[in-house]
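**Q** got a predicted structure plus its sequence, pasted below:
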Amino acid sequence: MTAVTERPGAAPPAATARQRGTLTGTGTLLRFMLRRDRVRLPAWVLGLTALWAYFANALGTIMDAESLSAMATMAANPVMALIGGPGYGFDDITVARLVAGFYALYLMLGAAFMSITTLSRHTRVEEQTGRAELVRANVLGRHAQLTAALIMAVVMNLLVAALIGVVTLGAAIDPPPEAGSSLLMGAGIGATGLAFAGIAAITTQLSAFSRAGSGIAGAVLGAAFVVRGIGDMSTAQDGGLGWLSWLSPLGWAQQTAPFTLDRWWPLLLSVALAVAGAGVGYALQARRDLAAGVLPDRLGAARAARWLRSPLALAYRLQRPSIIGWSVAMVLAGVTFGAFAEPMQEGAADMPEEIVAVMGGADGLLEGYLGFMGIYFALVVAAYVILSVQSLRGEEQGVRTEPVLATAVSRSSWLGSWTAVTAAGALWLLLLAGLGQGAGTLIGTGSGELFGPVVLGHAVHVAAAWLFLGLAVALYGLAPRLVGLVWIVFVYGTVLSLFGEMLEFDQAMLDTSPFQHIGQHPAETISWGAVGILTAVGALLVGAGAAGFRRRDLITA
C-alpha cells in the first residue's frame, strides 16, 4: 500500500483554474505568444511603418504645387474617392493632406488584416491543432488565451500607431506636419486594427475551423471597404449616400481628417467596437466547448457521394464555402461600381487629363473607368488565390492532408487538384465581377454596347492572378514557411498599379507589376501575348511547387 503525503499549504486537488480565475495564466501565455511571434510581430509592425514612410517621403519629394493641384482636381472624381477616401482638405491641398486622404486607407487594411490573423493564429488555430488542450490541462483560466491574444493585438496596433505618428512627424513634407495631426494619423490606423481585433474575437468563436473564422472576419472587412467606397463615391458626386461611410470602421478613421479637421472623437467608435467585440467574444467562448464552434457543425451523410470520390472533388468541396462568399461579394461590388458609370460620364467635361491617364482611358473616360476597374478586381482576386494557398498549408498543419495522402491520392494529384480549383475560382470570380460591372453599367447608361467588352476586360486579368497563384504554390511546395512572402510581391504590384503614375514612377518600374501588361480593356487593346506569358510563368511556378512538394516532408505541427 502506497501513501502520498501533500506538502503543507499545497492547494487541494479541487483547486481548479476556474476557482483561481478565468484569466489565470494570461501573462505566461502572452510571453509565449511574444516568443512565437518574435519574427512575425516586427515584420508586421515595421513593414506597415516602412510602407507609410515610403509614401510620405516619396510624395514629399516629388510633389510640387502643380502636381498637388492636379491631385486635388482628381480627388473630386468618384473613382479616386473609391481608391482613397473622401479627401478632406483637398480644396487647400498639402502633401500631408494628400498622404492622409489617399494612402492611409491601405495601411488601415493592413492593420485590420494583421489583427485578424493574430487573433486566429493564437486562439482558433491553437484549438484546431490540439495544442490548446494541452495548455489548458495546466492551471489556466478559460479566457486566458483569448485575453492574451487580444493584448497581443493591442500591443501590435499601438506600436504601429506610435511608429507611424513618429514617421509622419519626421517625414520630408512641406509644410512640416504638426505633432497632434501626426499622432492622429497613426492613431486612426491603429484604431482600425483594434476594431477588427474585436470583430475577430467574435468570428473565431463561431466555427471550429480557423479558415472559416478568418474568412468571416475578412468578409466583414471587405463589406466595410465596399460600404465606405459607396459612401465616399456618393459624397464626391454630392449624392445622398454619403452617410454609408459612417457605417464602416474604415470610414471612422478617415472621418478624423488628420491635418484638416483633426477630429479625435470618431476613434471612440473604433475603440467601442473593439471593446464590444471582445465582450461578445468572451460571452461566446463561455458558451462553447474547447475546439468547438458556436455554430453547430452540419452532419454529413454516412457515405460520401460518388462525385466526392476524387481529389479534385474534395478540393472543390473544401473551397466551396469560400468561393460562394467571394462570388456574392464580387457580384454586389461589380453592380454597385458599375452603377457609377453614368455619373462618371456626365462629369467627364470637368475632369482633367490626369484622370484619363490614371485610368488608362485614352479612348474615353467611361471606357477608362471600366478598364481600370478590371485591374481593381484583379487585385482583389489575386488576394483570394493567395489566401487559398495559405489555407492549403493550414490543411497540412492541421493533419488533414496526411490522411488524404495515405490513400491512393498522390501528392501531385492533391496539390494539382487544389490549384486547379483555385485557378478556376479566380476566373469565375472575375467573370462575375465583369458581369456585375456590365449589368450595373447597362442599368445606369441604358446601353448594352459595353457589356461584352467589360466582361472580357475583367476576365483576361485572371492571367495576373494565376501568376500570383503560381508564386504562392511554388513557395508552398519548396518552402512552406515562406508562403507569406508572396504578400510582399502583392503589395508591391498593388502600389504600382494604383499609385504608380500618381507617384511619377518610371515606366520601367511600372512594368514590373504583373497587372500592367494585359491592358485596360475596353479603353485599351488586350495584349494576348502578355496573357499567354503570365499564364505560362504561373504554370511553370506551379510545376516547381509540385516538384518541391513531392520531395519534402509534411509539416503537421
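**A** That came through fine.
**Q** and the longest helix for this protein?
**A** Ranked by number of residues, the top helix in the chain under DSSP state H is helix 411-445.
**Q** who are the packing partners of it?
**A** Judged by 3 or more CB pairs under 8 Å, 6 or more residues apart in numbering; DSSP states H and E, helix 411-445 is in contact with helix 311-338, helix 341-346, helix 365-397, helix 401-405, helix 451-459, helix 462-478, helix 528-551. No exception for glycine: its C-beta is placed from N, CA and C like everyone else's.
**Q** what pLDDT does residue 385 get?
**A** In the prediction, the pLDDT value recorded for residue 385 is 94.
**Q** can you check residue 18 too?
**A** So, for residue 18, pLDDT stands at 45.
**Q** residues near residue 265, how many?
**A** Burial of residue 265, expressed as a neighbour count using other CB atoms under 10 Å, amounts to 9.
**Q** and it, its phi and psi?
**A** Summarising the backbone geometry of residue 265 under the convention degrees, to the nearest 10, its torsions are phi -60, psi -30.
**Q** check which residues of stretch 127-140 are buried.
**A** 127, 128, 129, 132, 135, 136, 140 (16 or more other CB atoms under 10 Å).
**Q** kindly check the end-to-end length of that stretch for me.
**A** Between the start and the finish of stretch 127-140 there is a gap of 14 Å, counting by CA to CA, to the nearest Å.
**Q** and the closest residue to residue 491 other than its chain neighbours, how far from residue 75?
**A** Sequence neighbours aside, residue 51 is the residue nearest to residue 491 in space, at 7.1 Å (criterion: CB to CB, 6 or more residues apart in numbering). Plainly put, residue 51 is 21 Å away from residue 75 if you go by CB to CB, to the nearest Å.
**Q** wait, isn't the residue nearest to residue 491 in contact with residue 494?
**A** No. In this structure, residue 51 is not within contact of residue 494 by CB atoms under 8 Å, at 10.6 Å.
**Q** what's the overlap in contacts for those two?
**A** Counting by CB atoms under 8 Å, 6 or more residues apart in numbering, the common neighbours of residue 51 and residue 494 are residue 106.
**Q** now the helix or strand where residue 190 lies: average pLDDT?
**A** In the assignment (DSSP states H and E), residue 190 maps to helix 179-206. With pLDDT averaged residue by residue, helix 179-206 scores 95.
**Q** and the residue nearest to residue 445 when sequence neighbours are not counted, what's its pLDDT?
**A** Here the nearest residue to residue 445 in space, its sequence neighbours aside, is residue 342; by CB to CB, 6+ apart that works out to 5.0 Å. In this model, residue 342 is scored at 70, pLDDT.
**Q** and the helix holding residue 190, what other elements does it pack with?
**A** Secondary-structure packing of helix 179-206 (3+ CB pairs under 8 Å, 6+ apart): helix 104-122, helix 144-169, helix 210-236, helix 249-254, helix 266-286.
**Q** so for residue 416, which of the ones you listed sits nearest?
**A** Distances from residue 416 to each of the helices and strands packed on helix 179-206 were compared by CB to CB, and the smallest falls on helix 210-236, at 20.4 Å.
**Q** what is the burial count for the residue nearest to residue 491?
**A** A count of neighbours around residue 51, defined by other CB under 10 Å, yields 18.
**Q** list the contacts for it?
**A** Counting by CB under 8 Å, 6+ apart, the residues that residue 51 touches are 106, 107, 110, 491, 495.
**Q** next, the buried residues of the helix or strand containing it.
**A** Assigned by DSSP H and E, residue 51 falls within helix 40-62. Residues of helix 40-62 classed as buried under the neighbour-count rule (16+ other CB under 10 Å) are 40-41, 44-45, 47-49, 51-53, 55-60.
**Q** how much space between residue 283 and residue 296?
**A** According to CB to CB, residue 283 and residue 296 sit 17 Å apart.
**Q** out of these two, which sits in the busier spot?
**A** residue 283 (12 against 8).
**Q** show me what contacts the more buried one?
**A** Under the criterion of CB under 8 Å, 6+ apart, residue 283 has no contact partners.
**Q** hmm, residue 149 is touching residue 125, no?
**A** No. At 10.3 Å, residue 149 and residue 125 do not qualify as touching, with contact defined as CB under 8 Å.
**Q** the more surrounded of the two?
**A** Between residue 149 and residue 125, counted using other CB under 10 Å, the more crowded position is residue 149 (28 against 22).
**Q** identify the residues contacting that one.
**A** Under the criterion of CB under 8 Å, 6+ apart, the contact partners of residue 149 comprise 33, 118, 119, 121, 122, 123, 201.
**Q** residues contacting the first one?
**A** By that I understand residue 33. By CB under 8 Å, 6+ apart, the residues touching residue 33 are 122, 148, 149, 152.
**Q** CA atoms only for stretch 37-44, dumped as CSV, please.
**A** This file holds the C-alpha atoms of stretch 37-44, laid out as CSV (Å, rounded to 0.1, in the frame of the first residue of the first chain):
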residue,chain,number,x,y,z
ASP,A,37,5.9,35.9,-32.9
ARG,A,38,9.4,37.2,-32.4
VAL,A,39,9.8,37.5,-36.2
ARG,A,40,6.1,37.9,-37.2
LEU,A,41,5.5,40.9,-34.9
PRO,A,42,8.3,43.1,-36.0
ALA,A,43,7.7,42.1,-39.6
TRP,A,44,4.1,43.3,-39.5
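**Q** how far away from the center of its chain is it?
**A** Taking CA atoms, centre = their mean, to the nearest Å, one finds stretch 37-44 lying 18 Å from the centre of the chain it belongs to.
**Q** just stretch 478-486 next, same as before
**A** 18 Å.
**Q** same check, this time on stretch 70-80
**A** Here stretch 70-80 shows a centroid-to-chain-centroid distance of 25 Å under the convention CA atoms, centre = their mean.
**Q** straight-line length of it, end to end?
**A** One end of stretch 70-80 sits 12 Å from the other (CA to CA).
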